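A.B. asks: 3D, please:
(chains A and B)
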Amino acid sequence: MLRRSMLFMPGNNPGMLQTAEVFGSDSVILDLEDAVSLGEKDAARILIKGALKTFNYGTTEVVIRINPFSTPYALEDIDVMARLKPNAILLPKATPEDMKLLDEMLTKIEKEEGFEEGSIRIHALVETTYGVETVYETIQMSNRVDSVCLGGEDLAADLGVARTKDSEELFYARTKVVNACKALKIDAIDTPFTDTNDEAGLLADTIHAKKLGFTGKLSINPRQINTIHKVYSPTADEISWANRVMYAKDEAEKEGLGVFSLDGKMIDAPIISRAMNTLNTARVIGLIK
Amino acid sequence: MKILKPAKAGTLESNDISIMLMPGTNGIEIELESIVEKQFGTEIRTLIENSLKELGVEDATIKAIDKGALDYTIKARIETAVTRAGEM
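C.D. replies: Numbers count the residues shown, from 1 in each chain, chains lettered A, B, ... in the order given. Sure, this is the predicted structure:
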């Protein structure tokens, strides 16, 4: 599925939960962690339970961010939420050890509830230095992992550095996460841009992350969705180029040519693959039929 | 299910309902203040009462301040208050 944007929603806010779908993000992350105060974890679980039984979120992916295993809340979060069969769980401060534990718990609950094994997916939120160094192993701990999301704020704190507008301090983490994700064929989702009033900054940051290989971006405010989608959706020129590549490929195949050129440039398998990805994305978001 | 101690749940924010649940001895008594009292007051009272009965609560006093909560929110806040007020 397409995950250009994943929008955080506070798990204890009824107004947000009932409008989660209307902002048009590809995924919504119903948050039990940072957005919920310590004394309201029980209320948030019950409210999310009610929301998931009441609303149809359509094609929007529903993800629940649980509390980390280092807190007293994680086990109950998983036990309550997994039985509601969300599309996925977001594991904060992800490590190989915690991923293994979460996978085992989900397998057990799926058996008890009669759900198809592996149907509850996992997104790994990497936001510690240990998490960055072990990201490849973390992904390999479970066949359920669909993406790694980078959490820049916690990571900067763990690094002992300040967050900056150009995110220079995240360069190593960003490239390491992207490389691990690409190697294991899953989505790489970039850290949120936290200044919700700086649209130009968000645009520049999203373009930069896309250049590094990220496939989508976390979002903390519905106002950020359009900008993120603009960056991660193919442009008319890109779609036109992809169509021309595919047409040229078909013609070359008819003539029995293995290698061919377009506009004076050689077209090979990676370029054809990129063109196919562009067209697939355009099709999924309804830009072409 | 017996209400053992006073408990609160919910907030006064838009789309939410604030519930104050207290032990009672005379069935379920509801004091409701709602921004949609005229249109939905009766339905909200019925929903509160039915939610409590579903949770096995027979005696309780409720003070509810509604800010336009949907049914799922009212039921969730009642369940939260009940779990905080006694043993399920």
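
A.B. asks: mind listing the strands for the stretch 151-289 of chain A?
C.D. replies: Counting by DSSP state E, counting those that start in this stretch, residue ranges of the strands within the stretch 151-289 of chain A are A:187-190, A:216-219, A:260-262, A:265-267.

A.B. asks: So which of those strands is the most surrounded?
C.D. replies: Each of these was scored by mean neighbour count; the highest is strand A:216-219, a mean of 27, by mean count of other CB atoms under 10 Å in any protein chain shown. In this view, the C-beta of every residue, glycine as well, is placed from N, C-alpha and C.

A.B. asks: residues in contact with the residue at minimal distance from the centre of chain B?
C.D. replies: Closest to where the C-alpha atoms of chain B average out (CA atoms, centre = their mean) is residue B:78, at 4.5 Å. Contacts of residue B:78 were listed using CB atoms under 8 Å, 6 or more residues apart in numbering or on different chains, and they are B:9, B:19, B:21, B:48, B:51, B:52, B:55.

A.B. asks: Among the strands of the stretch 151-289 of chain A, single out whichever gets nearest to chain B.
C.D. replies: strand A:216-219 (21.2 Å; CB to the nearest CB).

A.B. asks: So what touches the closest one?
C.D. replies: Residues contacting strand A:216-219 (CB under 8 Å, 6+ apart): A:3-8, A:25-26, A:29, A:147, A:149-151, A:187-193, A:206, A:209, A:225, A:228, A:231-232.

A.B. asks: before we move on, the earlier item: measure the residue nearest to the centre of chain B to residue B:66 for me?
C.D. replies: Computed as CB to CB, to the nearest Å, the residue B:78 to residue B:66 distance reads 12 Å.

A.B. asks: Number of residues surrounding the residue of the stretch 51-200 of chain A found nearest chain B?
C.D. replies: As assessed by CB to the nearest CB, chain B sits closest to residue A:54 within the stretch 51-200 of chain A, at 4.2 Å. Counted with other CB atoms under 10 Å in any protein chain shown, the neighbours of residue A:54 add up to 15.

A.B. asks: same check, this time on residue A:79
C.D. replies: What residue A:79 shows, counting by other CB under 10 Å, is a neighbour count of 13.

A.B. asks: can you pull the contacts of it?
C.D. replies: With CB under 8 Å, 6+ apart, residue A:79 has these contacts: A:105, A:109.

A.B. asks: Tell me if I am right that it is in a helix.
C.D. replies: Yes: under DSSP: H, G, I helix; E, B strand; the rest coil, residue A:79 sits within a helix.

A.B. asks: Hmm, residue A:201 and residue A:224 touching each other?
C.D. replies: No: applying CB atoms under 8 Å as the test, residue A:224 and residue A:201 come out as separate, 10.6 Å apart.

A.B. asks: The two: who's more crowded?
C.D. replies: Neighbour count, other CB under 10 Å: between residue A:224 and residue A:201, residue A:224 has more, with 23 against 15.

A.B. asks: What residues does that one make contact with?
C.D. replies: A:5, A:192, A:193, A:196, A:202.

A.B. asks: What about the last one, how many residues nearby?
C.D. replies: Burial of residue A:202, expressed as a neighbour count using other CB under 10 Å, amounts to 23.

A.B. asks: And the closest residue to it other than its chain neighbours, what's its pLDDT?
C.D. replies: Of all residues not flanking residue A:202 in the chain, residue A:193 sits nearest, at 4.5 Å (CB to CB, 6 or more residues apart in numbering or on different chains). Note on residue A:193: pLDDT of 97.

A.B. asks: and residue A:193, how many residues sit next to it?
C.D. replies: When neighbours are defined as other CB under 10 Å, residue A:193 has 26 of them.

A.B. asks: show me the contacts for it.
C.D. replies: Counting by CB under 8 Å, 6+ apart, residue A:193 touches A:201, A:202, A:205, A:206, A:217, A:224.

A.B. asks: let's see 10 Å
C.D. replies: A:152, A:165, A:167, A:199, A:201-206, A:209, A:217-221, A:224, A:227-228 (CB atoms under 10 Å, 6 or more residues apart in numbering or on different chains).

A.B. asks: Equivalent analysis for residue A:108, please.
C.D. replies: Residues in contact with residue A:108 (CB under 10 Å, 6+ apart) are A:78, A:79, A:82.

A.B. asks: Residue A:67 is in contact with the first one, correct?
C.D. replies: Pointing back at residue A:78 there. Yes: between residue A:78 and residue A:67 there is a contact at 9.4 Å, judged by CB atoms under 10 Å.

A.B. asks: Using CSV, list the CA coordinates for the longest helix that chain B contains.
C.D. replies: Across chain B, the longest stretch assigned as helix under DSSP state H is helix B:37-54. Taking Å, rounded to 0.1, in the frame of the first residue of the first chain, the C-alpha atoms of helix B:37-54 are listed here in CSV:
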residue,chain,number,x,y,z
GLU,B,37,-30.0,19.1,25.8
LYS,B,38,-33.1,20.2,23.8
GLN,B,39,-32.4,18.0,20.9
PHE,B,40,-30.8,14.9,22.5
GLY,B,41,-31.1,15.2,26.3
THR,B,42,-33.4,12.2,26.6
GLU,B,43,-31.3,10.0,24.3
ILE,B,44,-28.1,10.9,26.2
ARG,B,45,-29.7,10.0,29.5
THR,B,46,-30.9,6.7,28.1
LEU,B,47,-27.5,5.9,26.7
ILE,B,48,-25.8,6.7,30.0
GLU,B,49,-28.3,4.5,31.9
ASN,B,50,-28.0,1.6,29.4
SER,B,51,-24.2,1.8,29.4
LEU,B,52,-24.1,1.5,33.1
LYS,B,53,-26.5,-1.4,33.1
GLU,B,54,-24.4,-3.2,30.4
